[in-house]
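# The sequence and its predicted three-dimensional model are supplied below.
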Amino acid sequence: MAVDSNKIAGFFETQLAAWPMAAANFEALGGVKVKELDVNGMPFKVQFNPARMASSGAKVDAASLKARPCFLCEKNRPEVQIGIEWNDRYTILVNPFPIFHRHLTIPDTSHTDQLIAGRIADMMGLAAELNGYTVFYNGPRCGASAPDHMHFQAGNSDFLTIAPAIENAELKTIAADGDATLSLVDTLPVKVFVIDAADHSAGERLFGRLLEAMPVPEGEREPMLNLLCYSTPAGERLVVIPRKRHRPACYGTDNGCMLISPASVDVGGVFITPRPEDFERMDQAAIASILDEVCLTAEEIGEIASHVR
């Protein structure tokens, strides 16, 4: 079933009217603390959001995943949580623990692992239909709290800061396929690849070439990455953020640690802090240090670019 912004707006109204817990969490967003910081020339936000404690602290080891019911499977979701079927493969849901003022979770209708291969055209198609939203994907060890169930998320596009930062940065084209181009942006605090595609199939082919050039950690099934996708006047833009670490060394709940588990939203410009002490401690230096730990350097991403065929 096709969707658009008007249909999604009505869907939100229906769900929040029927689901007091979700409605309260979305209303609470209006009062969350947010501070803005400049990190090496790129604006970042820090959001204090206690409702995200479960996600930031999620145990994603195999034993923990096996021991809990999957909250994205239809049989385990609350009865009040209804969805919109999309493309005979996904279900669009309201996320009851929001970061964005409009926050969606979009799981596969079947319980299948979080792996991105073969799904870029789907991601671009969602971004094209969800006008005004950014669709994002967290790799299994890059912020996904349900790495055992394939899902995207989406939120209002005006929230993340990386899109305007890319718009104002130098894009170095390294490959093309018809109406799609693959570029490198290595001057921001977050080093990224950008695929611009009017033709989603061509965009998927370019992503496949990039994926083959990226290293796969031992024991994993895909490279470590976060993805953001949104519409532009020229088509859909896919931002590929390669990663080299799941969580920073400071991660934890002990004294001196911070409960920061970077995902697409964080590396996309908005750090989420579920604890007040972490919100207070998070400054320019802390963000820069975390990005240095979990994302690639200009040299490292340049090495990947040199292997794109």
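That came in fine, so what should we check first?

# phi, psi of the residue nearest to residue 106 when sequence neighbours are not counted?
Leaving out its chain neighbours, the residue that sits closest to residue 106 by CB to CB, 6 or more residues apart in numbering is residue 152, at 4.3 Å. Every C-beta, even on glycine, is put in place using the N, C-alpha and C of the backbone. Backbone torsions of residue 152, given as degrees, to the nearest 10, read phi -100, psi 170.

# If you rank every helix and strand of the chain by mean pLDDT, what lands last?
Least confident helix or strand, the chain: helix 53-56 with a mean of 55, by mean pLDDT, DSSP states H and E.

# what sits against the nearest residue to residue 295 once chain neighbours are set aside?
Sequence neighbours aside, residue 190 is the residue nearest to residue 295 in space, at 5.6 Å (criterion: CB to CB, 6+ apart). Residue 190 is in contact with 42, 162, 241, 267-268, 291, 295, counting by CB atoms under 8 Å, 6 or more residues apart in numbering.

# Next, give me the two most distant ones among these.
Greatest spatial distance among the contacts of residue 190 (CB to CB): 42 and 241, at 13.1 Å.

# Specify which residue of these two has the higher count of neighbours.
Ranked by neighbour count (other CB atoms under 10 Å), residue 42 and residue 241 place residue 241 first, with 25 against 21.

# For the more buried one, grab phi and psi.
Dihedral angles for residue 241 - degrees, to the nearest 10 - are phi -110, psi 100.

# bridging residues for the residue lying closest to it once chain neighbours are set aside?
For residue 241, ignoring the flanking residues on the chain, the nearest one in space by CB to CB, 6+ apart is residue 226 at 4.4 Å. According to DSSP bridges, the partner residues bridging residue 226 are residue 138, residue 241.

# I'd say residue 226 and residue 269 touch.
No - applying CB atoms under 8 Å as the test, residue 226 and residue 269 come out as separate, 11.8 Å apart.

# how far away is the residue lying closest to residue 178 once chain neighbours are set aside from residue 208?
Distance criterion CB to CB, 6+ apart; nearest residue to residue 178, sequence neighbours excluded, is residue 202 at 4.4 Å. As judged by CB to CB, to the nearest Å, residue 202 and residue 208 stand 11 Å apart.

# And for residue 225?
Taking CB to CB as the measure, residue 225 falls 13 Å from residue 208.

# ok, now which ones touch the residue nearest to residue 241?
Taking CB under 8 Å, 6+ apart, we find residue 226 in contact with 136-139, 142-143, 241, 243, 263-264, 267-268.

# Out of those, which end up buried?
Neighbour counting with 16 or more other CB atoms under 10 Å marks 136-139, 142-143, 241, 243, 263-264, 267-268 as buried within the contacts of residue 226.

# on that earlier part again, between residue 225 and residue 208, who's got more neighbours?
Neighbour count, other CB under 10 Å: between residue 225 and residue 208, residue 225 has more, with 21 against 13.

# Can I get the contacts of residue 226 in a markdown table including distance to residue 128 and pLDDT?
Converted to a markdown table, these look like this (distance: CB to CB, whole Å; pLDDT from 0 to 100):
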| residue | distance to residue 128 | pLDDT |
| --- | --- | --- |
| 136 | 15 | 97 |
| 137 | 16 | 98 |
| 138 | 21 | 96 |
| 139 | 23 | 95 |
| 142 | 24 | 93 |
| 143 | 24 | 87 |
| 241 | 21 | 98 |
| 243 | 26 | 97 |
| 263 | 23 | 95 |
| 264 | 19 | 97 |
| 267 | 23 | 97 |
| 268 | 19 | 97 |
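
# Would you reformat those as a markdown table and include distance to residue 300?
Below are these laid out as a markdown table (distance: CB to CB, whole Å):
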| residue | distance to residue 300 |
| --- | --- |
| 136 | 22 |
| 137 | 21 |
| 138 | 20 |
| 139 | 17 |
| 142 | 16 |
| 143 | 19 |
| 241 | 12 |
| 243 | 11 |
| 263 | 20 |
| 264 | 19 |
| 267 | 15 |
| 268 | 19 |
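
# Need the residues that contact the helix or strand containing residue 107.
Using DSSP states H and E, residue 107 falls within strand 103-107. Applying CB under 8 Å, 6+ apart, the contact partners of strand 103-107 are 8, 26, 72-73, 86, 90-95, 126, 130, 133, 135, 146, 149-155.
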